[in-house]
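Participant: Quick one: sequence and predicted model below, then my questions.
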Amino acid sequence: MSRIDTPAKLAGKTALVTGASRGIGRSIALRLAADGARVAVHYAANDAAAKETVAAIEEAGGQAFAIRAELGVPGDAETLWRAFDEHADGVDIIVNNAGIAGPGLIHEVSEADYDRVFAVNAKAPFFIVQKGLDRLRDGGRIVNISSGVTKVAFPGMTSYAASKGAVEVLTLTLAQTLGARGITVNAVSPGTIETDIHPWMADADAKAAAAAFSVFNRVGQPGDVADVVGFLASPDARWVTGQNIDASGGSGLGI
Ligand code: NAP
């Protein structure tokens, strides 16, 4: 047995986490920074929240910088990488986390709603990876945040679920393409996580109903997802690629 020591698993690595100003993305940024990575905290508009994420990392002794780029608009990936390039000269870990909810039964979704959800949730990750490939170092990691709504039918989330389905297929395809460079590509599918995306959770009854989906009878917390991403981003996950890891607290196991 070799000597036991605990070097930071991501020391010397640079990570980009989209949508890291709040919610799951913030928690992922904190986790990757705690593991030693220097983290690009991407966000759309909430300067104060992005600053809070960066400050929390720095106060804990980590390294981070904020980059602003609205996704879902023409040229979004170029804008993001231009901002990134001002701070770093390459990336080892890309976490496509930023996303928006797009509730609606099929007959309720307008063409504009559909286009917006797909532009942010599916098109932006596609082009962030495409335009980031020259910056992503061999042996790197891509983690795409999907959702449990691709496995169980949620008729009230048609366009959102379809956009996440696209992300999962992209994950599979990229894993094949990028394997030759030693880059792993995986998805993580959270169940219901307590973040700003769910304002309805302020209602205790609604929150309890959502908790009942999990075998643990609680809604998830951002850290429940961030720790899974931390594993996939680490050297420990070198032999895992093209997978979609469920992080839903066993939601729907009994159905
Ligand atoms: P959230 O709390 O609403 O945070 C969203 C983050 O994404 C913020 O950092 C926000 O930046 C950024 N963002 C939103 N729209 C953007 C845009 N157009 N361009 C750039 N950045 C944008 O969301 P969350 O609940 O943490 O969700 C994170 C990811 O997990 C999403 O992909 C979501 O679909 C997925 N997910 C969430 C749950 C859940 O139950 N929460 C379950 C399954 C999957 P600003 O702060 O600047 O607005």
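Facilitator: Cool, the structure landed. Numbers count the residues shown, from 1 in each chain.

Participant: Mean confidence (pLDDT) on stretch 156-176, please.
Facilitator: For stretch 156-176, the mean pLDDT works out to 98.

Participant: Okay, strands next: where are they in this structure?
Facilitator: Secondary structure of the chain by DSSP state E: the strands cover 14-17, 38-43, 63-68, 91-96, 136-145, 184-190, 244-247.

Participant: Pull up the residues of this structure that are close to the ligand.
Facilitator: For the chain, the residues in contact with the ligand (Cβ under 6 Å from any ligand atom) are 19-25, 43-46, 49, 70-72, 97-100, 120, 145, 147, 190, 192-193, 195-198. C-beta coordinates here come from the backbone N, C-alpha and C atoms, glycine included.

Participant: Endpoint to endpoint, stretch 228-248 covers what distance?
Facilitator: End-to-end distance for stretch 228-248, by Cα to Cα, to the nearest Å: 11 Å.

Participant: Tell me how many other residues crowd residue 106.
Facilitator: Using other Cβ atoms under 10 Å, residue 106 has 9 neighbouring residues.

Participant: wait, I meant residue 59
Facilitator: Residue 59: 8 surrounding residues under other Cβ under 10 Å.

Participant: Quick one: low-confidence residue ranges for the stretch 151-255 of the chain.
Facilitator: Applying pLDDT under 70 to the stretch 151-255 of the chain picks out residues 255.

Participant: Would you mind finding the longest helix in this structure?
Facilitator: The residue-count maximum for a helix in the chain (DSSP state H) belongs to helix 158-178.

Participant: give the contact list for residue 154.
Facilitator: By Cβ atoms under 8 Å, 6 or more residues apart in numbering, the residues touching residue 154 are residue 161.

Participant: Against residue 252, how distant is it?
Facilitator: 11 Å (Cβ to Cβ, to the nearest Å).

Participant: Mind checking which of the residues of the chain next to the ligand are buried?
Facilitator: 19-25, 43-44, 49, 71-72, 97-100, 120, 145, 147, 190, 192-193, 195, 197-198 (16 or more other Cβ atoms under 10 Å).

Participant: on that earlier part again, how far off centre is the longest helix of the chain?
Facilitator: Offset of helix 158-178 from its chain centre (Cα atoms, centre = their mean, to the nearest Å): 13 Å.

Participant: residue contacts, residue 46?
Facilitator: Residue 46 sits next to 21, 22 when contact means Cβ under 8 Å, 6+ apart.

Participant: Likewise for residue 251?
Facilitator: Contact analysis of residue 251 by Cβ under 8 Å, 6+ apart lists 148, 152, 191, 192, 213, 214, 215.

Participant: Leaving out sequence neighbours, find the closest residue to the second one.
Facilitator: With sequence-adjacent residues excluded and distances taken as Cβ to Cβ, 6 or more residues apart in numbering, residue 152 is closest to residue 252, at 5.2 Å.

Participant: List phi and psi for that neighbour.
Facilitator: For residue 252, the backbone dihedrals (degrees, to the nearest 10) come out as phi 70, psi 10.

Participant: just use 448 as the starting number from now, easier for me
Facilitator: With 448 as the first residue, the last one maps to residue 699.
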